[in-house]
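S.K.: give me the fold of what follows.
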Amino acid sequence: IHFYKRIQRMQQIRSCLQVCMVPKHTMVQARRLLQTSPCVRVHEVVQAKDTPTSGVATTTRVRKLDFGPFVKDLFIGKFNKSMLSYAEVLNYDRHRDLEEKVRQISSYLDSRAESLAQVDVKGELPPEVMHWCKTEGMFGLSVPRELGGKDYLATEVARIFEEMGRNISLSEFLNVNEFLGYRAILEYGTQGQKEKYLPPLCAGDWLSCFCMNEEGAGSDPHSIQATATHDEDSDTYLLEGKKTWVANAGSAQVFTVFAKTTVKNYMSEEEVSLTAFLVDLSDGGVTVGQPYPVSGYSGLQFSDVVFNCRVPAANVLGDAGQGLQVLQSVQHHNKFMMTAGVVTSLKALLNQTVEHCNTRKQYGLHLSKFSLVKTQLARMAGKLYCLESMLYMTAGLVDISECPDVEMESVIVKLYAAETSDYIVKTCLSLLGSQTMLQTSQYQKYLTQNQFLQGWLGSPNILKVFLGISGVLHLVHTNPALRNNLTSPLHIISATRWARHTRQHKKDQAPLTHKLSECVHPRMVSTADRVEWAVEKIPFLASSLIIRNGEHFQIPETDLVKLADLVIETYAMTCALSRSNRSYIVGNLHAEHEINLVIPYISQARLRCEQLFLELQNWEGDGEEKMDRYWIQNGFNLAEKGCYNVAHPLSRRPVYDQD
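M.R.: Below is the predicted model of the structure:
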């Protein structure tokens, strides 16, 4: 309301100036001083049905919208401008209730600070905290009420997990139980399975876990060796196999297990395929090993689980042979939720570092007085601001979309969280000095948590390749004849346009077609242009890779990773731009500070995108040779020799006498 009153008042002032016959150059200067925002034009260029903030928040849920996949659509040249209206999915009642819930959580965690501090020492979460989570309804947060859940929005769940992140093990314990433990039941379970398992799981009487990893199977589900043999007489499956790195295994009652089964395909031929099972601990045949002695996230109690049991056919999730679809539906979709606890942990470390810099003196000045230290603190704050923005933007997309497709966004947030954690932890510890090297230091936990986070819920290499290939496949499915249209002599017009488009990008003269600068505050116009520059490169690079690598799309992994890095930077810039633009327009506290964080961050991110773009196109290189080929050849040489095989810098070839 205040924003629209402000716009109306500004328009009245401009009208008065025009009536007074003010010269044109004075009018332009006055308009700049008034800082009138063209954001009012957003309502003219964006359809209301596509705008997240146009959803009508009721006492229960927001109205769902037909909101397409944002990141995937970047690959086909579409940019949903409503993303620049940072999603607000909570009405005042829900927001007030959420803040009260967060206040209660904060108060309780303060009272249990000493016991929570012993989690890494004891390797388990305090029993009284687990009982409190049960009595306060911290389980089944996203499950519909008719199935015993709380029916919270993803935004509300993220905020609760963020507060729980004051102990990272507690936050991730609830996250794993919520989005890996019984998410497959909610998505693929029969009505009977839901009625049997979800009420006790949502009440906290039972806990669940997710069993996929094996000694020889990590990110690749096709490497799973566990088997399930069907017995037609008893209509049961004999499940045999060993699962590793199972979180919450020691306290779980229900296990979601993936195993290979023999099924018949559409031609009635037998083939081996993956099937998902619900295994009840009370049925017997399940052996849980001792927890691993891990550092970081030790409250999750990772263990081995050995299965040698009979599973009724009624406990199959989905259909037999449909395990891969079940896995894909739960593996990536909610991966962004683990970021909520990471944000809180990184905030705490950054705040402690700032306090240290304000009190520690060197050369007669506090550390915070040195420009280099100021720059380091600001860059950490900028990355943390982007991570927060990405987390709640993705949660808003889940809440507002009728059929949310945030698989790529979720993976991006997870990867960015690992990168941000690595940067902030290492930079903070370097500023905190020698005290961080002591084994008894309170900062050692940040090192172990950061190292664990790098590989938790998926290898970065695998996830980046997944991002790249998913975007390229979306482009191919949207435009199947893309390669033929752009290269075939029979499509002269399309080929000519593509050649012209390529020359424009090579000369850095490609037009900015989305006009994002018209959708932000004048203070952010040049920043929006930098974001749009990166947005324009994504469909061009994806199309170039398709053309370059032929019909079978044998795109090198190194190119896919670079494309994924560019997409990650673009999504981070978009979320930060949207959030800061909204804060400045509505007059949030510290909005000026947010703007000052985002402008330099996006400027540097644009430079990183430019370097990735040049490397992918190989317009800066040694002739036609790509630099990646040298690295690949060197890596092959190291693997072939089995060690670091270069001569020592002091080595000399033997000298022989002529005699």
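S.K.: what's the spacing between the most centrally placed residue in the chain and residue 362?
M.R.: Centroid check for the chain by C-alpha atoms, centre = their mean gives residue 413 as the closest residue, at 1.7 Å. From residue 413 over to residue 362 the distance is 37 Å, taken as C-beta to C-beta, to the nearest Å. Quick note: C-beta positions are derived from backbone N, CA and C, even for glycine.
S.K.: could you do residue 392 as well?
M.R.: 38 Å.
S.K.: kindly report the same for residue 243.
M.R.: Applying C-beta to C-beta to residue 243 and residue 362 gives a distance of 52 Å.
S.K.: check residue 322 too.
M.R.: Relative to residue 362, and taking C-beta to C-beta, residue 322 is found at 62 Å.
S.K.: give me the neighbour count for the closest residue to residue 457 other than its chain neighbours.
M.R.: With C-beta to C-beta, 6 or more residues apart in numbering as the criterion, residue 457 has its nearest non-adjacent residue at 5.8 Å, and that residue is residue 335. By the measure other C-beta atoms under 10 Å, the count of residues near residue 335 is 26.
S.K.: for residue 89, same thing?
M.R.: 23.
S.K.: tell me the pLDDT of it.
M.R.: pLDDT, residue 89: 87.
S.K.: that one and residue 399 touch, don't they?
M.R.: Yes - assessed by C-beta atoms under 8 Å, residue 89 is found in contact with residue 399 at 4.4 Å.
S.K.: what average pLDDT does the one helix or strand residue 160 maps to get?
M.R.: Using DSSP states H and E, residue 160 falls within helix 154-164. The average of the pLDDT scores along helix 154-164 is 95.
S.K.: now the element after it, going C-ward?
M.R.: Taking DSSP H and E, what comes next after helix 154-164 is helix 168-176.
S.K.: and the following helix or strand past that next one, average pLDDT?
M.R.: Per DSSP H and E, the first helix or strand lying C-terminal to helix 168-176 is helix 183-188. For helix 183-188, mean pLDDT is 90.
S.K.: in helix 183-188, what's buried?
M.R.: Buried residues in helix 183-188, counting neighbours by 16 or more other C-beta atoms under 10 Å, are found at 183, 184, 185, 186, 188.
S.K.: that helix packs against which elements?
M.R.: helix 191-203, strand 270-280, strand 316-317, helix 323-331 (3 or more C-beta pairs under 8 Å, 6 or more residues apart in numbering; DSSP states H and E).
S.K.: export the ones you listed to TSV and append columns for mean pLDDT, mean neighbour count and distance to residue 236.
M.R.: Formatted as TSV, the helices and strands packed on helix 183-188 follow (pLDDT from 0 to 100; neighbours: other C-beta atoms under 10 Å; distance: least, C-beta to C-beta, whole Å):
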stretch	mean pLDDT	mean neighbour count	distance to residue 236
helix 191-203	93	17	16
strand 270-280	92	20	11
strand 316-317	94	25	11
helix 323-331	88	20	17
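S.K.: re earlier: what is the nearest of the buried residues of helix 183-188 to residue 409?
M.R.: Of all the buried residues of helix 183-188, residue 409 sits closest to residue 183, with 17.1 Å by C-beta to C-beta.
S.K.: leaving out chain neighbours, which residue sits closest to that closest one?
M.R.: Closest residue to residue 183 apart from its sequence neighbours, by C-beta to C-beta, 6+ apart: residue 330 at 4.6 Å.
S.K.: so who does the one you found touch?
M.R.: Residue 330 sits next to 179, 180, 183, 184, 187, 210 when contact means C-beta atoms under 8 Å, 6 or more residues apart in numbering.
S.K.: ok, now how distant is the fourth one from residue 413?
M.R.: What that stands for is residue 184. Distance, residue 184 to residue 413, using C-beta to C-beta: 21 Å.
S.K.: please enumerate the helices of the stretch 251-400 of the chain.
M.R.: Secondary structure of the stretch 251-400 of the chain (DSSP state H, counting those that start in this stretch): helices at 323-331, 339-359, 371-400.
S.K.: need those in JSON lines (columns: distance to residue 459).
M.R.: Output for the helices of the stretch 251-400 of the chain, formatted as JSON lines (distance: least, C-beta to C-beta, whole Å):
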{"stretch": "helix 323-331", "distance to residue 459": "13"}
{"stretch": "helix 339-359", "distance to residue 459": "17"}
{"stretch": "helix 371-400", "distance to residue 459": "20"}
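S.K.: which of those helices has the lowest average pLDDT?
M.R.: Mean pLDDT is lowest for helix 323-331 out of the helices of the stretch 251-400 of the chain, coming in at a mean of 88.
S.K.: any chance you could give me that one in PDB, C-alpha atoms only?
M.R.: Output in PDB follows, covering the C-alpha atoms of helix 323-331 (Å, rounded to 0.1, in the frame of the first residue of the first chain):
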ATOM      1  CA  GLY A 323      12.000 -48.100  -9.000                       C
ATOM      2  CA  LEU A 324      14.000 -45.800 -11.200                       C
ATOM      3  CA  GLN A 325      11.000 -43.400 -11.600                       C
ATOM      4  CA  VAL A 326      10.400 -43.600  -7.800                       C
ATOM      5  CA  LEU A 327      14.100 -42.700  -7.200                       C
ATOM      6  CA  GLN A 328      14.100 -39.800  -9.600                       C
ATOM      7  CA  SER A 329      11.000 -38.300  -8.100                       C
ATOM      8  CA  VAL A 330      12.400 -38.000  -4.600                       C
ATOM      9  CA  GLN A 331      16.200 -37.800  -5.300                       C
END
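S.K.: for this protein, which spans come out with low pLDDT?
M.R.: Within the chain, the segments meeting pLDDT under 70 span 1-63, 483-490, 550-552, 619-626, 656-659.
S.K.: do that again at 50, thanks
M.R.: Along the chain, segments meeting pLDDT under 50 span 1-8, 13, 17-59, 622-624.
S.K.: can you show me the strands along it?
M.R.: Per DSSP state E, the chain carries strands over the ranges 208-211, 227-231, 236-246, 254-264, 270-280, 286-288, 303-312, 316-317, 361-362, 365-366.
S.K.: so which of residue 322 and residue 362 has more stuff around it?
M.R.: Using other C-beta under 10 Å, the more surrounded residue of residue 322 and residue 362 is residue 322, with 17 against 11.
S.K.: relative to residue 458, how far out is the more buried one?
M.R.: 22 Å.
S.K.: equivalent analysis for residue 200, please.
M.R.: Note on residue 200: its distance to residue 458, by C-beta to C-beta, is 30 Å.
S.K.: CA atoms only for stretch 283-303, dumped as PDB, please.
M.R.: Coordinates of each C-alpha in stretch 283-303 appear next as PDB, following Å, rounded to 0.1, in the frame of the first residue of the first chain:
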ATOM      1  CA  ASP A 283       8.700 -58.200   9.900                       C
ATOM      2  CA  GLY A 284      12.200 -59.400  10.800                       C
ATOM      3  CA  GLY A 285      15.200 -60.100   8.600                       C
ATOM      4  CA  VAL A 286      16.700 -56.600   8.900                       C
ATOM      5  CA  THR A 287      20.100 -56.100  10.600                       C
ATOM      6  CA  VAL A 288      21.400 -52.600  11.400                       C
ATOM      7  CA  GLY A 289      25.100 -52.200  12.000                       C
ATOM      8  CA  GLN A 290      27.000 -49.900  14.400                       C
ATOM      9  CA  PRO A 291      27.000 -46.200  13.400                       C
ATOM     10  CA  TYR A 292      30.000 -44.900  11.500                       C
ATOM     11  CA  PRO A 293      32.400 -42.700  13.500                       C
ATOM     12  CA  VAL A 294      31.900 -39.700  11.200                       C
ATOM     13  CA  SER A 295      32.900 -36.100  11.800                       C
ATOM     14  CA  GLY A 296      30.200 -33.600  10.900                       C
ATOM     15  CA  TYR A 297      26.500 -34.500  10.800                       C
ATOM     16  CA  SER A 298      27.200 -37.200  13.300                       C
ATOM     17  CA  GLY A 299      23.700 -37.000  14.700                       C
ATOM     18  CA  LEU A 300      22.400 -38.700  11.600                       C
ATOM     19  CA  GLN A 301      24.000 -42.000  12.700                       C
ATOM     20  CA  PHE A 302      25.000 -43.500   9.400                       C
ATOM     21  CA  SER A 303      25.000 -47.300   9.400                       C
END
